[in-house]
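Student: Predicted model and sequence follow; I will ask about them next.
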Amino acid sequence: MAQLLPLLTALVLCSYGPVGSLGCDLPHNSAPLSRTTLVLLGQMRRVSPVLCLKDRRDFQFPREVVNGSQFQKTQTVSVLHEMLQQIFNLFHTARSSAAWNNTLLEELHTALHQQLQGLETCLVQAMAEEDSVLTADSPTLMLKRYFQRIRLYLEEKKHSGCAWELVRMEIRRAFSSTADLQESLRSKDGDLASS
């Protein structure tokens with residue numbers, strides 16, 4: 001229910017604003033927030049990855065979901081929002097709090113939350129414009145499955161320090177790949193503004 005409140009708030013705000021793509025631009029602070037998120041994920045390192053080689057796992061990140069050139073703007077927004085929401089959820093648990101420096105973890109929560117808020121209006125528009133049916137090859141469903149594999153891995157490894165370290169590295173790699181997706185969204189915003 002708590003996740004619905006921001007969405008409902010954005011829906012109300014959209015109903016008072018202009019319809020269409022005019023209110024659906026990435027916030028100007030999205031690039032600095034993305035860099036901040038990457039830096040924080042790097043600073044959170046607590047265990048040397050060399051000590052965790054035996055615990056490595058291929059989580060099968062669906063790379064096709066970050067190739068924004070093949071998606072419409074609405075689908076790009078949905079994918080980006082889903083990625084941010086899943087990362088936020090993963091690092092916003094009691095078990096993640098025990099694994100990380102609380103100051104860095106709070107800063108990460110804040111950066112992710114701000115990015116999510118910046119996309120809320122776009123997400124509402126995307127949901128209104130696009131069929132919300134999740135097919136087997138839906139990028140959003142692929143992301144959900146990817147994060148489910150990560151959660152199952154953490155459970156299997158009993159949320160060990162090495163498991164969290166490998167997940168942190170995986171999330172950092174996956175998040176850095178969203179830079180292309182965000183750039184794709186910015187260029188689509190520019191294309192819309194110039195037409």
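Tutor: Nice, thanks for sending it over. Numbers count the residues shown, from 1 in each chain.
Student: contacts and neighbour counts: CA atoms only from here.
Tutor: Noted.
Student: residues near the residue nearest to Phe147 when sequence neighbours are not counted, how many?
Tutor: Distance criterion CA to CA, 6 or more residues apart in numbering; nearest residue to Phe147, sequence neighbours excluded, is Gln86 at 6.8 Å. Look at Gln86: counted by other CA atoms under 10 Å, it has 16 neighbours.
Student: all helices of this structure, in order?
Tutor: 4-16, 30-43, 73-90, 94-99, 102-129, 139-156, 161-194 (DSSP state H).
Student: who touches the fourth one?
Tutor: By CA atoms under 8 Å, 6 or more residues apart in numbering, the list of residues contacting helix 94-99 from outside reads Leu90, Phe91, Leu105, His159, Gly161, Trp164.
Student: Tell me which residue lies nearest the centroid of the protein.
Tutor: In the chain, the centroid-proximal residue (CA atoms, centre = their mean) is Leu84; its distance is 1.8 Å.
Student: Verify the stated contact: that residue with Leu116.
Tutor: Yes: using CA atoms under 8 Å, Leu84 is in contact with Leu116, at 6.5 Å.
Student: where's the residue nearest to Phe147 relative to Gln115, distance?
Tutor: According to CA to CA, to the nearest Å, Gln86 and Gln115 sit 13 Å apart.
Student: what does Leu108 give?
Tutor: From Leu108 to Gln115 the distance is 11 Å (CA to CA).
Student: can you check Arg172 too?
Tutor: Taken as CA to CA, the span from Arg172 to Gln115 is 16 Å.
Student: Pull the number of nearby residues for Val167.
Tutor: By other CA under 10 Å, the residues close to Val167 number 20.
Student: That one is in contact with Arg151, isn't it?
Tutor: No: using CA under 8 Å, Val167 makes no contact with Arg151, being 9.2 Å away.
Student: thinking again about what came up before, out of the helices of the chain, which is closest to Val65?
Tutor: The minimum distance between Val65 and those falls on helix 139-156, with 5.2 Å, by CA to CA.
Student: residues of the closest one that come out buried?
Tutor: The neighbour-count criterion (16 or more other CA atoms under 10 Å) identifies Pro139, Thr140, Leu141, Met142, Leu143, Arg145, Tyr146, Phe147, Arg149, Ile150, Tyr153, Leu154 as the buried residues of helix 139-156.
Student: Distance to Thr121 and pLDDT added to these, as JSON lines?
Tutor: Putting those into JSON lines (distance: CA to CA, whole Å; pLDDT from 0 to 100) gives the following:
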{"residue": "Pro139", "distance to Thr121": "20", "pLDDT": "87"}
{"residue": "Thr140", "distance to Thr121": "18", "pLDDT": "88"}
{"residue": "Leu141", "distance to Thr121": "21", "pLDDT": "92"}
{"residue": "Met142", "distance to Thr121": "23", "pLDDT": "92"}
{"residue": "Leu143", "distance to Thr121": "21", "pLDDT": "94"}
{"residue": "Arg145", "distance to Thr121": "25", "pLDDT": "96"}
{"residue": "Tyr146", "distance to Thr121": "25", "pLDDT": "97"}
{"residue": "Phe147", "distance to Thr121": "24", "pLDDT": "97"}
{"residue": "Arg149", "distance to Thr121": "29", "pLDDT": "98"}
{"residue": "Ile150", "distance to Thr121": "28", "pLDDT": "97"}
{"residue": "Tyr153", "distance to Thr121": "33", "pLDDT": "97"}
{"residue": "Leu154", "distance to Thr121": "33", "pLDDT": "96"}
